[in-house]
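Novice: sequence first, predicted model second:
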Protein chains: 2
Amino acid sequence: MSRAQPETRRRGRPSTTSRAEIVAAARRLIEDEGAERLTLRRLATAMGVGPSTLYRHVRDREDLLVLVLDDFLQQVPLPDLPRAPRERVVVAAVAMRDALASRPWAADVLAVDGFLGRLDDASVRLVEVVLAAAVEAGCSSEQAVDLFRALWSHCVGEVLIRARSRTTTREERARYPGFASRDPRLLPRLAEIGTRWPHIAARDTYAAGVRALVDGMLPRPADGA
Amino acid sequence: MSRAQPETRRRGRPSTTSRAEIVAAARRLIEDEGAERLTLRRLATAMGVGPSTLYRHVRDREDLLVLVLDDFLQQVPLPDLPRAPRERVVVAAVAMRDALASRPWAADVLAVDGFLGRLDDASVRLVEVVLAAAVEAGCSSEQAVDLFRALWSHCVGEVLIRARSRTTTREERARYPGFASRDPRLLPRLAEIGTRWPHIAARDTYAAGVRALVDGMLPRPADGA
DNA sequence: TTTATTTTGAGAACATGTTCGCAAAACAGC
DNA sequence: GCTGTTTTGCGAACATGTTCTCAAAATAAA
């Protein structure tokens, strides 16, 4: 999974541009101006190459974004991890969320096919932490994967939803009233909550969900231990 | 939130095509050939109008997909709901997942800004069920929303990830080895699981996650009751 | 040295989502 | 009935992701 070296001199015309260069340039462009402004033509012009040249080194735009995110994730340091397996899972899960949420453009590729499998070894250390802690807490491999997958779904959903709802402007909010003005007969609870929803939903309750998943899917510790 | 009627005769040139027609035609096209094949030009031609005409009735492609999904969700019947609030939440959450997972194209719009708020009253009945059951179990409004949001994140993540990983072909799997061939020194657990991951991950453990979230975020019932 | 092979770079070309400007078709006021 | 206003339909046009085709630049074989 670590990147392969150019063992010996290749056969055809030597490349003047490398995948690493493309990823670096793309990352610079994204962090400076946001992922929406990253078009392949802009990237190509910024690098002084033709647009189609990029496709020699990158499968498509989505692939490029995965590489950029991987590049970022490799540099994220591991958090301090508690001894107790249960708390270790919580800390790792929250760290995963934090890393991904810190880059809004991550949402664009979080759910692409086989995402985790495409990442570098260094980028999936937190996955390892969760699995190892789960096994240490008494899980089988299968149970550890089940727990991780639940945490991962939760994480992907949270990051995506939050990333997408940053966009809202005032006119948008006027056009789509959200949960305001719901029929109180059909939807009494929603009607009662009404306009308070955005305020309530703005709070960060992610860790509570993580704790619930961990408590529910990890074997209970032996009584009195 | 229910659709408004055309109260009286409007002012300008009368429309020959309606939003409802567009949504119906789009849904037919999607269910017949998949969401990838739904292009606005194809839809326009199928309806016998120009492409830009659609933009008079629909804000953009994403908006159209939300409307189509809403159209579908309105027709999904409520499942049989257990009396016990705890189990009622579980059944509602699983029904939500099932409805969304039954239409792979739903994944394209599940995380758009303010998604739930854009749906018709009839489409969010399951949201109401969860909130009402949570309150019945002793939650405050805020706690009920917290629980729902955790379930919703979990749901969105699950549906998205599953929808996107159906695409995998054999060549793809060869190109991206996933969790096979990970460094056993850095990632011992992942290396040990290796190629078993896809098999383990294929199992449906969604309900287990839901139960964990419910057990963890709903107030414990009074002892002995 | 010449020729075949392989790989890269690049511009043209295509489909798509979307915007713009204009003509058509209704109503309101005169 | 005529004029101004408002809303709709439509085709042209634009930016974008992506593919295709061909020339360029290297190695391997002859």
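Specialist: Nice, I can see it.
Novice: contacts, neighbours, all on C-alpha from now
Specialist: OK.
Novice: lowest-confidence helix or strand of chain A?
Specialist: Using mean pLDDT, DSSP states H and E, helix A:170-175 stands out as the lowest-scoring helix or strand of chain A, at a mean of 64.
Novice: the helix or strand just after that one near chain B anywhere?
Specialist: Following helix A:170-175 in sequence order, the next helix or strand is helix A:188-193 (DSSP states H and E). Yes. Helix A:188-193 reaches chain B (CA under 8 Å from any CA of the partner chain) through A:188-190, A:193.
Novice: of those residues, keep whichever come out buried.
Specialist: Among those, those classed as buried by 16 or more other CA atoms under 10 Å in any protein chain shown are A:188-190, A:193.
Novice: the most centrally placed residue in chain A: what's it in contact with?
Specialist: With distances taken as CA atoms, centre = their mean, chain A has A:L100 as the residue nearest its mean C-alpha position (4.1 Å). With contact set as CA atoms under 8 Å, 6 or more residues apart in numbering or on different chains, A:L100 has these partners: A:106-107, A:159.
Novice: figure out the helix or strand that it lives in.
Specialist: helix A:85-101.
Novice: so what's A:A44 up against?
Specialist: Going by CA under 8 Å, 6+ apart, A:A44 touches A:50-51, A:53-54.
Novice: now with 7 Å?
Specialist: A:A44 is in contact with A:50-51, counting by CA atoms under 7 Å, 6 or more residues apart in numbering or on different chains.
Novice: so is whichever strand or helix holds it next to DNA strand D?
Specialist: Using DSSP H and E, A:A44 falls within helix A:40-47. Yes. Counting by CA under 7 Å from any atom of the strand, DNA strand D has neighbours in helix A:40-47: A:40-42.
Novice: quick check, that helix touching DNA strand C?
Specialist: No. Using CA under 7 Å from any atom of the strand, helix A:40-47 never reaches DNA strand C; the gap is at least 7.8 Å.
Novice: would you tell me what the next helix or strand after that helix is?
Specialist: Next along the chain after helix A:40-47, with elements defined by DSSP H and E, is helix A:61-75.
Novice: how is chain A partitioned into domains?
Specialist: Domain assignment of chain A by automatic domain parsing yields the ranges A:19-58, A:77-217.
Novice: of those domains, which stretch is the most buried?
Specialist: Among the domains of chain A, ranked by average contacts under mean count of other CA atoms under 10 Å in any protein chain shown, first place goes to domain A:77-217 (a mean of 19).
Novice: on that earlier part again, the domains of chain A into TSV, with extra columns for distance to B:S18?
Specialist: Listed next are the domains of chain A as TSV, based on distance: least, CA to CA, whole Å:
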stretch	distance to B:S18
domain A:19-58	32
domain A:77-217	19
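Novice: using CSV, list the CA coordinates for the helix holding A:L100.
Specialist: Included here for helix A:85-101 are C-alpha records, laid out as CSV according to Å, rounded to 0.1, in the frame of the first residue of the first chain:
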residue,chain,number,x,y,z
PRO,A,85,-9.9,0.3,25.4
ARG,A,86,-13.4,1.8,25.6
GLU,A,87,-12.2,5.3,26.0
ARG,A,88,-9.5,4.7,23.3
VAL,A,89,-12.2,3.9,20.8
VAL,A,90,-14.1,7.1,21.7
VAL,A,91,-11.0,9.2,21.3
ALA,A,92,-10.1,7.6,18.0
ALA,A,93,-13.6,8.0,16.6
VAL,A,94,-13.7,11.7,17.6
ALA,A,95,-10.3,12.3,16.1
MET,A,96,-11.4,10.7,12.9
ARG,A,97,-14.4,13.0,12.7
ASP,A,98,-12.3,16.0,13.6
ALA,A,99,-9.7,15.4,10.9
LEU,A,100,-12.3,15.0,8.2
ALA,A,101,-14.5,17.9,9.4
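Novice: how far does that helix sit from its chain's centre?
Specialist: Per CA atoms, centre = their mean, to the nearest Å, the displacement of helix A:85-101 from the mean C-alpha position of its chain is 12 Å.
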